[in-house]
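Asker: need a structure here:
(one chain, ligands or ions: 1)
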Amino acid sequence: MENALESPSMSRRQLLNFLTGSVVATVVGVAVVPAAKFFSPPSETTEGGGMIAKDILGNPIPARQILAEISGTRALVAGLAGEPTYLTIQEDGTLHPWGIVNNCTHLGCTFPWNGIDEEFQCPCHGSRYSDQGVVLRGPANRPLKLVHVSVVGDSIWLYPWSETDPRTNEKPWWV
Ligand code: FES
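Answerer: So this is what the prediction gives:
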């Protein structure tokens, strides 16, 4: 587990990787605004509804840039429909096949990853989620939305998740 005292906070690290300094301040300062306002929806998709992960400026993020991060990193990218989405670097250095959409299921705030508590913690009304996006504390009562993550060459592809939610073994609430 990362020692938060020895490295920048995960939320700062994940943002610095992909956003400019001015945008970092903006994103942190307006966490109470619904997530969709931060990213312009990318235009192109594939037949399967997939989209390449991008940065705040709409530029594709090379997979090697994300994979260079240490295990446990939560990397924030612009995903499907421009939704900010967390990608997770696993212990073996690969990307977790689930992306977690940074949009609180209570009222839609964005939230940081807290690397000390190892939770996503929403600043708006205190909801907390596990590293897999399961609600640990309300008022949110639904898990965070998932997307599929796949690395092809040096690109990171995100695809809609419409199958059973593996966390609940039920149909996803967002489908
Ligand atoms: S919007 Fe996240 S707890 Fe209310």
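Asker: from Thr105, how far off is Ala63?
Answerer: As judged by Cβ to Cβ, to the nearest Å, Ala63 and Thr105 stand 28 Å apart. Where C-beta positions appear, they are placed from N, C-alpha and C, glycine not excepted.
Asker: likewise Ser127?
Answerer: In terms of Cβ to Cβ, Ser127 sits 8 Å off from Thr105.
Asker: which neighbours do the two have in common?
Answerer: Common neighbours of Ser127 and Thr105, using Cβ atoms under 8 Å, 6 or more residues apart in numbering, are 135, 140.
Asker: bridging residues for the residue lying closest to Arg74 once chain neighbours are set aside?
Answerer: Using Cβ to Cβ, 6 or more residues apart in numbering and skipping the chain neighbours, the partner closest in space to Arg74 is Trp113 (4.1 Å). Bridge pairing for Trp113 (DSSP bridges) gives the partners Phe120.
Asker: so Trp113 makes contact with Tyr86?
Answerer: Yes - using Cβ atoms under 8 Å as the test, Trp113 is close enough to Tyr86 to be in contact (6.6 Å).
Asker: residues from the chain in reach of the ligand?
Answerer: Residues of the chain found near the ligand, taking Cβ under 6 Å from any ligand atom as the criterion, are 104, 106-109, 122, 124-127, 139-140.
Asker: so which of those residues are in helices?
Answerer: Judged by DSSP state H, helices contain none of those.
Asker: can you give me the strands in the chain?
Answerer: With DSSP state E, the ranges of strands along the chain come out as 51-52, 74-78, 84-88, 98-101, 113-114, 119-121, 128-129, 135-137, 146-152, 155-160.
Asker: redo the ones you listed as TSV? Include distance to Pro172.
Answerer: Shown next, in TSV, are the strands of the chain (distance: least, Cβ to Cβ, whole Å):
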stretch	distance to Pro172
strand 51-52	18
strand 74-78	20
strand 84-88	15
strand 98-101	11
strand 113-114	22
strand 119-121	18
strand 128-129	15
strand 135-137	14
strand 146-152	7
strand 155-160	10
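Asker: want to throw those strands into TSV with mean pLDDT?
Answerer: Shown next, in TSV, are the strands of the chain (pLDDT from 0 to 100):
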stretch	mean pLDDT
strand 51-52	94
strand 74-78	94
strand 84-88	96
strand 98-101	97
strand 113-114	95
strand 119-121	97
strand 128-129	98
strand 135-137	98
strand 146-152	96
strand 155-160	95
